[in-house]
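S.K.: Sequence first, then the predicted structure:
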Amino acid sequence: MAKISLIGAGSVVFARRLLQDIVCVPELSDATVSLMDTDPERLALMSKFANKLARDTGTNIKVETTPNRREALDDSDYVLTTIRVGDSYERDIAIPLKYGVDQSVGDTVGPGGVFKALRTAPVLMDICEDIEDVAPNATLLNYTNPMAIACWAIAEATDVPTIGLCHSVQHTTADLADYIGVSKDRVKGWVAGINHLAWFLRFEVDGQDAYPQLFEAMENPEIFSRDTVRFEVMKQFGYFVTESTRHMSEYTPYFRTNEETIEEFKLNQIRQDLQHRTTRVDDHYTQLVEDANSDRILTADRSEEYACRIIEAMESDRPTVINGNVPNQGLIDNLLELSSVEVPILIDKLGFHPMAVGELPGQLAALSRSNQAVQQMATQAILDGDREAAFHAIALDPLTSAVLSLGEIRSMFDEMWTAHGNELAAYS
């Protein structure tokens, strides 16, 4: 009778996916699912949906709902974190844009990603302290960004077994199959690197190298236009990267430094703003309200998310392999030791077993290390409460340093810090 705790259950998209995944697994039919969020309205809605889903699908899962984090975590076997802490378009995106740093998402590195880490990682570390107190046997499955910085800080500060989870490998695998015109079940990848900057070191169809087909597909202007940045990176660096064109464009100094390049790679079409993000979330929320209150019988299909597959493998002893983020303890030789790396991981009843990859191709390791420099300094800032280390993290960011002088970066940093008021009072 596994207990699964979801901290941040108001994240309507992910919480819904997790619940639908759970009711599809026979071994979890008697599990307890504890939903916790600080927003009482969203929490009540998710509880109503979860109970209706359980009834309609004929499972016996028990749904608990609480705004108290320690109560939700008590005696848990699996903890999932999907939290947001003070995210703000005005602070994280608009201030850097005023200085000329044009982020597309701002949740991984860059000014937005670093400040998100400063706000978010300490809360995740507090959650880990609670886990150590009331759920000492639990495994943490973290979905909260910035993934690499958060997982690096958690690993340094706590002993909680943690895997950072994303869905970029699954989505990219589907994209690659589509680009070369084959079904997804025929393709396989061997993928490693860091979160949002991991690489398809091997890409195969029916056991045969499919990179020649991918390079050929790239020559089709229609296909190239669907993923401009990732195809350009593959053309110049030799391998396909896991994160989307929108994300990847802000992790390097090559694509967002002037309007001509932004237009060439069609990045104007995918600039994100707060209104777009809010509209998308509101649409999912509206659908959830409708489903929770409808007389229609709810059904469930498995998603591509790794979390429930991990829990299923550990509960049923049907092993599986996923890609996840764990400390670099001899896994990728030419990335920073103990940094957070994304590698294949075998999951079974005994837990999780990361697989050693060896060395990445030199050019991929170098590109990844440019982002790791930001992650390393941001992690130091979080662990030491060091404001100056946070500045250094942003000063080392590839896009920021391609656009601004050090003096300009300092001015931008100070303005972003001031905009947080007392939220960052723990840093000095």
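M.R.: Arrived safely, thanks for sending.

S.K.: buried stuff in the host helix or strand of D414?
M.R.: Using DSSP states H and E, D414 sits in helix 406-419. The neighbour-count check on helix 406-419 (16 or more other C-beta atoms under 10 Å) flags 409, 412-413, 416-417, 419 as buried. Quick note: C-beta positions are derived from backbone N, CA and C, even for glycine.

S.K.: try stretch 75-89
M.R.: 76-83, 85, 87-89.

S.K.: try stretch 344-353
M.R.: Here stretch 344-353 shows 344-345, 347, 352 as buried, counting by 16+ other C-beta under 10 Å.

S.K.: Determine how far the last residue of that stretch lies from the first.
M.R.: Counting by C-alpha to C-alpha, to the nearest Å, you get 9 Å between the two ends of stretch 344-353.

S.K.: Quick one: mean pLDDT for that stretch?
M.R.: For stretch 344-353, mean pLDDT is 97.

S.K.: what helix or strand is the residue positioned nearest the centre of the chain on?
M.R.: The residue lying closest to the centre of the chain (C-alpha atoms, centre = their mean) is C166, at 4.2 Å. Using DSSP H and E, C166 falls within no helix or strand.

S.K.: thought it was touching G193?
M.R.: No - look at C166 against G193 with C-beta atoms under 8 Å: they stay out of range, at 11.6 Å.

S.K.: could you pull out the strands for the protein?
M.R.: For the chain, the strands defined by DSSP state E occupy 3-7, 32-36, 62-66, 78-81, 139-142, 162-164, 187-194, 197-205, 208-209, 320-327, 340-348, 351-354.

S.K.: Let me have these in JSON lines, adding distance to Q103 as columns.
M.R.: Listed next are the strands of the chain as JSON lines, based on distance: least, C-beta to C-beta, whole Å:
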{"stretch": "strand 3-7", "distance to Q103": "27"}
{"stretch": "strand 32-36", "distance to Q103": "30"}
{"stretch": "strand 62-66", "distance to Q103": "36"}
{"stretch": "strand 78-81", "distance to Q103": "24"}
{"stretch": "strand 139-142", "distance to Q103": "22"}
{"stretch": "strand 162-164", "distance to Q103": "21"}
{"stretch": "strand 187-194", "distance to Q103": "18"}
{"stretch": "strand 197-205", "distance to Q103": "15"}
{"stretch": "strand 208-209", "distance to Q103": "35"}
{"stretch": "strand 320-327", "distance to Q103": "22"}
{"stretch": "strand 340-348", "distance to Q103": "21"}
{"stretch": "strand 351-354", "distance to Q103": "31"}
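
S.K.: so what's V403 up against?
M.R.: Residues in contact with V403 (C-beta atoms under 8 Å, 6 or more residues apart in numbering) are 99-101, 257.

S.K.: Of those, select the buried ones using a PyMOL command.
M.R.: PyMOL command restricting the contacts of V403 to the buried ones, with burial defined by 16+ other C-beta under 10 Å:
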select buried, resi 99+101+257
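
S.K.: Just the closest of the contacts of V403 to T320, please.
M.R.: V101 (39.9 Å; C-beta to C-beta).

S.K.: Correct me if wrong: the closest one contacts P111.
M.R.: Yes - in this structure, V101 is within contact of P111 by C-beta under 8 Å, at 6.0 Å.

S.K.: shared neighbours, the two?
M.R.: Joint contacts of V101 and P111 (C-beta under 8 Å, 6+ apart) are 400, 412.

S.K.: OK, contacts around T261?
M.R.: If you count contacts by C-beta under 8 Å, 6+ apart, then T261 has 254-255, 267 around it.

S.K.: for Y179, that is, sorry about that
M.R.: 214, 217-218, 223, 226-227.

S.K.: Would you confirm that L73 contacts N137?
M.R.: No - when contacts are counted by C-beta under 8 Å, L73 is not listed as touching N137 (11.6 Å).

S.K.: Comparing these two, which residue is more hemmed in?
M.R.: L73 (23 against 9; other C-beta atoms under 10 Å).

S.K.: Can you give me the end-to-end span of stretch 316-329?
M.R.: Span of stretch 316-329 from end to end, C-alpha to C-alpha: 28 Å.

S.K.: and the contacts of V403, which of them are in helices?
M.R.: Of the contacts of V403, the ones assigned to helices by DSSP state H are Y99.

S.K.: and the lengthiest helix in the chain, how far out from the chain's middle?
M.R.: Using DSSP H, we find that the single longest helix of the chain is helix 110-134. The chain centroid and the centroid of helix 110-134 are separated by 14 Å under C-alpha atoms, centre = their mean, to the nearest Å.

S.K.: now stretch 186-198
M.R.: That offset, for stretch 186-198, works out to 14 Å (C-alpha atoms, centre = their mean).
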